[in-house]
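J.: Coordinates for the following, if possible.
(3 chains)
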Amino acid sequence: MPELPEVETIRQQLAKQIVGKELQGKKVIGVNRRAKILDIEFADKSHLIFHLKLTGQLIFNGTPGKHTRRVFNFNDGSCLIFNDVRKFGWYKIVSESQLKDIKKKLGPEPFGLTEKQFALMIAKKPKAKIKTLLMDQKFIAGIGNIYADEILFASRIHPLRVAGALGPREIILLLGKIKEILTAAIKAGGSSVSDYLDAFGQKGGYSRKHKVYQRTGQQCVKCGSIIERIRLAGRSAHYCPNCQK
DNA sequence: ATCGGTACCTGCACGC
DNA sequence: TGCGTGCAGGTACCGA
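T.: Take a look at the predicted model:
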């Protein structure tokens, strides 16, 4: 499930619980995130990294169930449960240099981007549809289907618009909304559409704030028009036909 | 080089 | 009740 806000929520929660503990004799010295990858860092410079894909969960001190793929036991008796209904998620131990290679292939983290940098990135992809770009992890890291839809609604940009057609003011607005919405979603503990749970097994509160995602056929909160859904690059795109041009 | 379509896997909601 | 269809927070791989 998780996109940047969900992985970041789990990261913050886990960091408080497991830093300083030992897993198979290796001391945890940090819990990091890059894009949608969660990274548990050990004192010996190895890293246990996870990608939760659509339905992965990491529950601290959870109870193993039907979809539990792995239980990680810490030296103090606590544990971390990895659940994944659809089995797309993965975890592996990597070295510092392997992790560096993985990170290198990803685009920039949204929060560090300046308007100038973002405008330059957009200018290099004039023909790409804007929603496809937002979800491209090599273009910008961490945004998936939920937040791409919500960000475009907040920016009043139609998902099929081509990047080259965005004006300078729209590009600045878009970057602002990317940061604003991701920040708000982290604050709310992410979005729970169906499977997502945080590291304590709780649902995220941001789903209640979705304005377009999975609101097909319902009224736009701004103008009352009916929210539409189209197919784009194999995914659903939800948008308000009146607000988003 | 960049696009869309498909595959990976399981479960759920819906219509007949 | 049961079956078939379509859909789901992601991404890798394929051929056009």
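J.: could you pull out the strands for chain A?
T.: Secondary structure of chain A by DSSP state E: the strands cover A:22-23, A:26-34, A:37-42, A:47-51, A:56-60, A:68-73, A:79-84, A:90-94, A:228-232, A:235-239.
J.: from those, which stretch is densest packed?
T.: strand A:56-60 (a mean of 25; mean count of other CB atoms under 10 Å). Yep, even glycine has a C-beta here, placed from its N, CA and C like the rest.
J.: Within the sheet, what are the partner strands of it, with directions?
T.: Counting by DSSP bridges, the strands paired with strand A:56-60 are strand A:79-84 (antiparallel).
J.: Send over the strand it pairs with as PDB, restricted to the C-alpha atoms.
T.: Output of strand A:79-84 as PDB, limited to C-alpha atoms (Å, rounded to 0.1, in the frame of the first residue of the first chain):
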ATOM      1  CA  CYS A  79       9.500  -8.400  17.700                       C
ATOM      2  CA  LEU A  80       8.600  -7.000  14.300                       C
ATOM      3  CA  ILE A  81       6.000  -8.800  12.200                       C
ATOM      4  CA  PHE A  82       6.100  -8.500   8.400                       C
ATOM      5  CA  ASN A  83       2.700  -9.200   6.800                       C
ATOM      6  CA  ASP A  84       1.900  -9.100   3.100                       C
END
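J.: Can you give the distance from the worst-scoring helix or strand of chain A on mean pLDDT to the centre of its chain?
T.: Least confident helix or strand of chain A, by mean pLDDT, DSSP states H and E, is strand A:228-232 with a mean of 92. Remark: strand A:228-232 is offset 21 Å from the chain centroid, using CA atoms, centre = their mean, to the nearest Å.
J.: Could you check the angle it makes with strand A:235-239?
T.: Inter-element angle recorded for strand A:228-232 and strand A:235-239: 150 degrees (by axes from the mean of the first three to the mean of the last three CA atoms, to 10 degrees).
J.: near DNA strand B, which residues of chain A?
T.: Within chain A, the residues that sit near DNA strand B (CB under 7 Å from any atom of the strand) are A:66-67, A:85-88, A:125, A:127-129, A:132, A:231-234.
J.: Now do A:Val193 against A:Leu166, distance only.
T.: 28 Å (CB to CB, to the nearest Å).
J.: what about those two, which has more around it?
T.: A count of neighbours by other CB atoms under 10 Å puts A:Leu166 above the other of A:Val193 and A:Leu166, at 20 against 15.
J.: Without its sequence neighbours, what residue ends up closest to that one?
T.: In this structure, A:Leu166 finds its nearest non-sequential neighbour in A:Ile122, 6.4 Å apart by CB to CB, 6 or more residues apart in numbering.
J.: Isn't the one you found up against A:Ala165?
T.: No - in terms of CB atoms under 8 Å, A:Ile122 does not count as a neighbour of A:Ala165; the distance is 10.3 Å.
J.: Quick check, pLDDT for the nearest residue to A:Pro126 once chain neighbours are set aside.
T.: Nearest residue to A:Pro126 in three dimensions, chain neighbours excluded: A:Gly164, at 2.9 Å (CB to CB, 6+ apart). pLDDT recorded at A:Gly164 is 94.
J.: so how far is DNA strand B from A:Gly164?
T.: For A:Gly164, the distance to DNA strand B (CB to the nearest atom of the strand, to the nearest Å) stands at 10 Å.
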